[in-house]
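Participant: just need the structure, nothing else, for what follows:
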Amino acid sequence: MNILQINASARRQDSNSTRVANNIVARLQAANPGARLTLRDLGATPHPALDEAALGALFTPAEQRSPEQATRVALDDALIAEIQAHDVIVLGVPMYNFGIPVQLKSWLDAIARSGVTFRYTANGPEGLLTGKTVYVALARGGLYRDTANDSQVPYLKAILGFLGMTNVHFIYAEGLAMGPEAVEKAFAQAELDLNAALV
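Facilitator: Residues are numbered from 1 along each chain as shown. Predicted coordinates for the structure are as follows:
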């Protein structure tokens, strides 16, 4: 088992989403002693945003790219190669203003590349990052699970599924800003979700 852990929190310390993600990884490693872990901290080392220069580089044929364009595309290439090489993905995802962190959006923009991680066919789009299991560690200050205010889960299901990753488990730690008892309950619920996912 090759595990890729992506921490998306802007916090370097005391991140609740990282805490849940770390627990998922620990449980996976305990069940699979030979598992190898790659850790990418997007808060510590954010990937550059998809801007006009990046788009220009991506849409320029490889042999015509300037050195600067080649360097920019290589950054995305490295993230694509990394996820292709792993069969288990663990995402640590806090909720910021009802959405995912910009750091995670930049990572997703980097790994979504037509002809490489997905392709368009006569029958519609086809995801090419298949055969992977994804665990999403969600940390929220309030309670959003199964409500209209949860924009994270529908988006992540859509983009991950579009790329071919359809075996996705969501692990929820919610109510983390609602007092000590709610915090204890949140992490207990995350443990229950993980138990169910690992059956």
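
Participant: how close does the residue located most distally from the centre of the chain get to I6?
Facilitator: The centre of the chain is farthest from one residue, Q64, which by CA atoms, centre = their mean lies 31.8 Å away. Here Q64 is placed at a distance of 32 Å from I6 (CB to CB, to the nearest Å). Every residue, glycine included, has its C-beta placed from N, CA and C.

Participant: for this protein, which segments count as helices?
Facilitator: Ranges of helices within the chain are 16-31, 52-58, 67-84, 102-111, 152-162, 180-198, based on DSSP state H.

Participant: what separates the residue nearest to L42 when sequence neighbours are not counted from S9, distance-wise?
Facilitator: Nearest non-adjacent residue to L42, counting by CB to CB, 6 or more residues apart in numbering: Q103, 3.8 Å away. Using CB to CB, Q103 is found at 8 Å from S9.

Participant: identify the contacts common to those two.
Facilitator: G43 (CB atoms under 8 Å, 6 or more residues apart in numbering).

Participant: what about the two, which has more around it?
Facilitator: S9 (26 against 22; other CB atoms under 10 Å).

Participant: dihedrals phi and psi, the closest residue to the more buried one other than its chain neighbours?
Facilitator: Spatially, and ignoring its direct neighbours in sequence, S9 is nearest to S15 (3.8 Å; CB to CB, 6+ apart). Main-chain dihedrals, S15, degrees, to the nearest 10: phi -90, psi 130.

Participant: do I have it right that S15 meets N22?
Facilitator: No. Counting by CB atoms under 8 Å, S15 does not reach N22; the two are 9.3 Å apart.
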